[in-house]
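K.L.:
can you look at this prediction? I've put the sequence above it.
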2 protein chains.
Amino acid sequence: MAAISSLSLKTPTKIQSLTKTHYAIPLNLPFSCRSKSKRTGSIGSRTRIRCGLLIEPDGGKLVELFVEESQRELKREDALKLPKIKLTKIDLEWVHVLSEGWASPLKGFMREDEFLQTLHFNSIRLEDGSVVNMSVPIVLAIDDSQKNLIGGSSSVALVDDENNPIAILSDIEIYKHNKEERIARTWGTTAPGLPYVDEAITHSGNWLIGGDLKVIDPVKYNDGLDRFRLSPAELRDEFTRRNADAVFAFQLRNPVHNGHALLMTDTRRRLLEMGFKNPVLLLHPLGGYTKADDVPLQWRMKQHEKVLEDGVLDPETTVVSIFPSPMHYAGPTEVQWHAKARINAGANFYIVGRDPAGMSHPLEKRDLYDADHGKKVLSMAPGLERLNILPFRVAAYDKTKNGMAFFDPSRPQDFIFISGTKMRTLAKNNESPPDGFMCPGGWKVLVEYYDSLAAAENGRVAEPVPS
Amino acid sequence: MAAISSLSLKTPTKIQSLTKTHYAIPLNLPFSCRSKSKRTGSIGSRTRIRCGLLIEPDGGKLVELFVEESQRELKREDALKLPKIKLTKIDLEWVHVLSEGWASPLKGFMREDEFLQTLHFNSIRLEDGSVVNMSVPIVLAIDDSQKNLIGGSSSVALVDDENNPIAILSDIEIYKHNKEERIARTWGTTAPGLPYVDEAITHSGNWLIGGDLKVIDPVKYNDGLDRFRLSPAELRDEFTRRNADAVFAFQLRNPVHNGHALLMTDTRRRLLEMGFKNPVLLLHPLGGYTKADDVPLQWRMKQHEKVLEDGVLDPETTVVSIFPSPMHYAGPTEVQWHAKARINAGANFYIVGRDPAGMSHPLEKRDLYDADHGKKVLSMAPGLERLNILPFRVAAYDKTKNGMAFFDPSRPQDFIFISGTKMRTLAKNNESPPDGFMCPGGWKVLVEYYDSLAAAENGRVAEPVPS
């Protein structure tokens, strides 16, 4: 049933968003056999979104914010006459996220009412009185000079680095960007050193501009991975095509080891036991901004491919796609966003790990969030009542089985916990983890990634990984 | 109709909670003619809570957490056998708040689930799926040694300074007190110098203890003002007795000037126009912890009395009572608590001012909160949908009328804005504000308060204000 597409790119494509040591690598992953026309053609029409057995999008309708194809040239010309706001790389990722409806029913960058509800309630009340979850501000910052430039205009053009119009924001509202309050209420700390804050907030403007977004051309990255960036509508089509009667989403921003694989396989087994006939896994690596010491998307995708190749996960029941959101590292606040966006893509089960979207406190020797809070907050979050939360069971290396297994507290001496830090250290030192921790092909990708980093640090240009 | 009780205390009573310069002063304010038996007798029974025309309490039932009178001795003996947690003054104020049901349906200090929902969602979901507002954590902090002392006990006794048992907390849960996260999510800043944080959080323990509260004796302060501390049940009784068909609450922690009075009078007029037959004002000064430069409760009550005496407000349609909560100065977060608690006391209209519960940023030269955010957040807050929010109209001194009037933007030159700072400076310097700004009796109380402060600063013991 699964559509395996073989996408061996002959020429590595440089990844625009990352350091010069990171190259696109050929990939071979299971995802939808979708026609190009779907992506570039009738997008904007809602008629092709068949809900079928799938969970309804937030607000009842998936919002897509594309200009109709026939209107694009016209809108591009309109945009050229408007005041221009230059988008940062992260802004553009949010335009992508909004345009495809991951944040449905948001129709654009947040106006103040939406921003305040997000900060204070992690949810937004709709006109009919119903509540949807919305925990992370999706906002566009501008500075004083941009605000002055806009003047009394009710619309602005959002443009890329080269002043090409990307989108139009209309019926705009400009309001104060209280960065301290935004940071405190989103992260629960204002300590310096939060990656997203340093990257996207600290040096951003003192105003936020909200409004209705219309994207002229679907956002593309030209990094060889665009074909893996399925929109919520496309994912829904794919799940429907596969006759999925349950979709369970696994968000990740790290390489997949056999503990993850065990969990995903076991989740499918449990869903079958619950009576579902065809549960499908959405293996959904985050593709937007990540912090410098995370493994870049290209290498993660390559690693995921090897995991699939090695038969650790079943391609028949797995869809691998890229979630275009940037990463906040905002723990219990952010995990709600990760879950909510997957509802919009058709997932009705969400696997939540230990300390999701967590990281170390930037100043203190402790984790920023309590490891259990993500799971707890997610399970109580307004607007996520329809989503089934599946807590992550702890897997560790079982010495008696030479493989990853669910931790058995009755025989702790048999288990080794291999942390992300430990894993990275091993890969950096070209050492091997215990047999059965990760499939050999996947591990090789990791070692090669760290080799390429080391090479770059030594002043040489890293070679792309051979396919 | 109004019950005016004349409570001229012959001996000023020292206020335990404030500096030695502050004395209890005799008061003469309109409030309920309630029998003592109501307060000390059948409290704990819910049968006497007649909702009548009044808004329902949150969760449908007003929660009162008193031990039945017949059981008090028994419970006191039980308490003596339990591990003891000594309450701070602010802890005791929260015990008071909880015990009378201001925070209904909370049944005691928050457990972690309630704490997390408060921090992240400003609301708590009940078992039936409905949502009540809860924006301010009502928590009890303990330190490592107290935690060790508790050991495996499932109940603890809450005791006062002299180890007298005040209450029992049962079915307890102890969880981490992440102060930084609590502060950031409650105040939207972690800047040092937030009054409540300095007073009640910074030096508090690293654990929070939640559980079911039962108060052995109703909390009293013996400051001459206890009779003004009507519980939500007592206020409901009073409103019912007065046949109120609308109750509009006015929260304040400052002296009342004629601009406030104008607003309250005008609100009643508007409610009559809306078709209500007997709207009653709940003039509800905050009685718990306030910051050092606020006018102390005793003096404010004395000032309010003069305002009533001078006929600025109508005693027939006004109930003056004390709201026992401590003050957080947490702006848009706290105003929700102020409103929610008044629903429990029977108010279905809430007057919200400019920058409610706001203050200056402790480090920066700006207000901590945007002046409009309190009103906006309140109007969108989950669980407060039933409450009618009445935005404060701006009143200023109208030179053409020699009195306070609603600001008329067509003739700004005719108005003088007298800020709180300006008012305090005038009173401190024994100067007079423009005629008509405040009734002379009320102004005199303020001047006397600042005189008493100055006297104390000069090393003399301040005299209590003559009645």
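P.N.:
Looks like it came in fine. Numbering: from 1, shown residues only, chains lettered A, B, ... in the order given.
K.L.:
pop out the phi and psi values for A:Phe276.
P.N.:
Backbone geometry at A:Phe276, expressed as degrees, to the nearest 10, gives phi -70, psi 140.
K.L.:
look up how far A:Arg268 lies from it.
P.N.:
According to C-beta to C-beta, to the nearest Å, A:Phe276 and A:Arg268 sit 9 Å apart. Quick note: C-beta positions are derived from backbone N, CA and C, even for glycine.
K.L.:
and if you look at A:Met301?
P.N.:
Going from A:Met301 to A:Arg268 by C-beta to C-beta gives 22 Å.
K.L.:
which parts of the stretch 1-150 of chain A sit against chain B?
P.N.:
Counting by C-beta under 8 Å from any C-beta of the partner chain, the positions of the stretch 1-150 of chain A adjacent to chain B are A:112-113, A:116-117, A:119-123, A:125, A:129, A:131, A:135.
K.L.:
which of the residues you listed are buried?
P.N.:
Neighbour counting by 16 or more other C-beta atoms under 10 Å in any protein chain shown classes A:Glu112, A:Asp113, A:Leu116, A:Gln117, A:Leu119, A:His120, A:Phe121, A:Asn122, A:Ser123, A:Arg125, A:Val131, A:Ser135 among the residues of the stretch 1-150 of chain A next to chain B as buried.
K.L.:
now, which of the residues of the stretch 1-150 of chain A next to chain B lie within strands?
P.N.:
In strands, defined here by DSSP state E, the members of the residues of the stretch 1-150 of chain A next to chain B are A:Ser123, A:Arg125, A:Val131.
K.L.:
in TSV: those residues, plus pLDDT.
P.N.:
Putting those into TSV (pLDDT from 0 to 100) gives the following:
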residue	pLDDT
A:Ser123	98
A:Arg125	97
A:Val131	97
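K.L.:
please name the residues that touch the residue lying closest to A:Lys179 once chain neighbours are set aside.
P.N.:
Leaving aside its sequence neighbours, A:Lys179 sits nearest to A:Ile201 (C-beta to C-beta, 6 or more residues apart in numbering or on different chains; 5.5 Å). Shown in contact with A:Ile201 (C-beta atoms under 8 Å, 6 or more residues apart in numbering or on different chains): A:Ala141, A:Lys179, A:Arg182, A:Ile183.
K.L.:
any buried residues in the lengthiest helix in chain A, and which?
P.N.:
In chain A, with assignment by DSSP state H, the single longest helix is helix A:440-457. Buried positions in helix A:440-457, judged by neighbour count with 16+ other C-beta under 10 Å: A:441-453.
K.L.:
could I get the residues you listed as TSV with distance to chain B?
P.N.:
Below are these laid out as TSV (distance: C-beta to the nearest C-beta, whole Å):
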residue	distance to chain B
A:Gly441	41
A:Gly442	36
A:Trp443	36
A:Lys444	40
A:Val445	37
A:Leu446	33
A:Val447	38
A:Glu448	39
A:Tyr449	34
A:Tyr450	34
A:Asp451	39
A:Ser452	38
A:Leu453	33
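K.L.:
give the contact list for the residue nearest to A:Met327 when sequence neighbours are not counted.
P.N.:
Closest residue to A:Met327 apart from its sequence neighbours, by C-beta to C-beta, 6+ apart: A:Thr290 at 4.9 Å. Neighbouring residues of A:Thr290 by C-beta under 8 Å, 6+ apart: A:Arg253, A:Pro296, A:Leu297, A:Pro326, A:Met327.
K.L.:
the third one contacts A:Gly287, doesn't it?
P.N.:
Yes: shown here, A:Leu297 and A:Gly287 form a contact pair, counting by C-beta atoms under 8 Å, at 5.2 Å.
K.L.:
to what extent is A:Glu77 buried, counted in neighbours?
P.N.:
Residues near A:Glu77, counting by other C-beta atoms under 10 Å in any protein chain shown, number 10.
K.L.:
wasn't it part of a strand?
P.N.:
No: assessed with DSSP: H, G, I helix; E, B strand; the rest coil, A:Glu77 is helix; it does not lie in a strand.
K.L.:
how about it, what does it touch?
P.N.:
Taking C-beta under 8 Å, 6+ apart, we find A:Glu77 in contact with no residue.
K.L.:
same check on A:Phe109?
P.N.:
A:Trp94, A:Leu98, A:Ile138, A:Val139, A:Leu140, A:Leu169, A:Leu208, A:Ile209, A:Gly210, A:Gly211, A:Leu213.
K.L.:
and which of those residues is nearest chain B?
P.N.:
Proximity of these to chain B (C-beta to the nearest C-beta) peaks at A:Leu208, which lies at 12.1 Å.
K.L.:
tell me the contacts of the closest one?
P.N.:
A:Phe109, A:Met110, A:Glu112, A:Phe115, A:Val139, A:Leu140, A:Ala141, A:Ile142, A:Ile174, A:Tyr175, A:Lys176, A:His177.
K.L.:
recalculate using a threshold of 6 Å.
P.N.:
By C-beta atoms under 6 Å, 6 or more residues apart in numbering or on different chains, A:Leu208 lies in contact with A:Val139, A:Ala141, A:Tyr175, A:His177.
K.L.:
for the first one, what are its contacts?
P.N.:
For A:Val139, the contacting residues are A:Phe109, A:Met110, A:Leu208, taking C-beta under 6 Å, 6+ apart as the criterion.
K.L.:
need the ones in strands among the residues of the stretch 1-150 of chain A next to chain B in JSON lines (columns: distance to A:Gln413).
P.N.:
Shown next, in JSON lines, are these (distance: C-beta to C-beta, whole Å):
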{"residue": "A:Ser123", "distance to A:Gln413": "45"}
{"residue": "A:Arg125", "distance to A:Gln413": "52"}
{"residue": "A:Val131", "distance to A:Gln413": "48"}
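K.L.:
so A:Gly353 sits against A:Leu390, correct?
P.N.:
No: counting by C-beta atoms under 6 Å, A:Leu390 is not a contact partner of A:Gly353; they are 10.1 Å apart.
K.L.:
if I pick A:Asn388, what's in contact with it?
P.N.:
A:Phe349.
K.L.:
same question, A:Glu385
P.N.:
No contacts exist for A:Glu385 under C-beta under 6 Å, 6+ apart.
K.L.:
how about it, phi and psi?
P.N.:
Note on A:Glu385: its backbone torsions stand at phi -60, psi -30 [degrees, to the nearest 10].
K.L.:
do the same with A:Glu93
P.N.:
Reported as degrees, to the nearest 10, the phi and psi values for A:Glu93 are phi -60, psi -40.
K.L.:
now the nearest residue to it once chain neighbours are set aside, what's its secondary structure?
P.N.:
Once flanking residues are discounted, A:Glu93 sits nearest to A:Gly288: 4.2 Å by C-beta to C-beta, 6+ apart. The local conformation at A:Gly288, judged by three-state DSSP, is coil.
K.L.:
likewise A:Val319?
P.N.:
strand.
K.L.:
that one reaches A:His284, doesn't it?
P.N.:
No: counting by C-beta under 6 Å, A:Val319 stays clear of A:His284, with 8.4 Å between them.
K.L.:
show me which of these two is the more surrounded one.
P.N.:
Just comparing A:Val319 and A:His284: by other C-beta under 10 Å the higher neighbour count belongs to A:Val319, 26 against 22.
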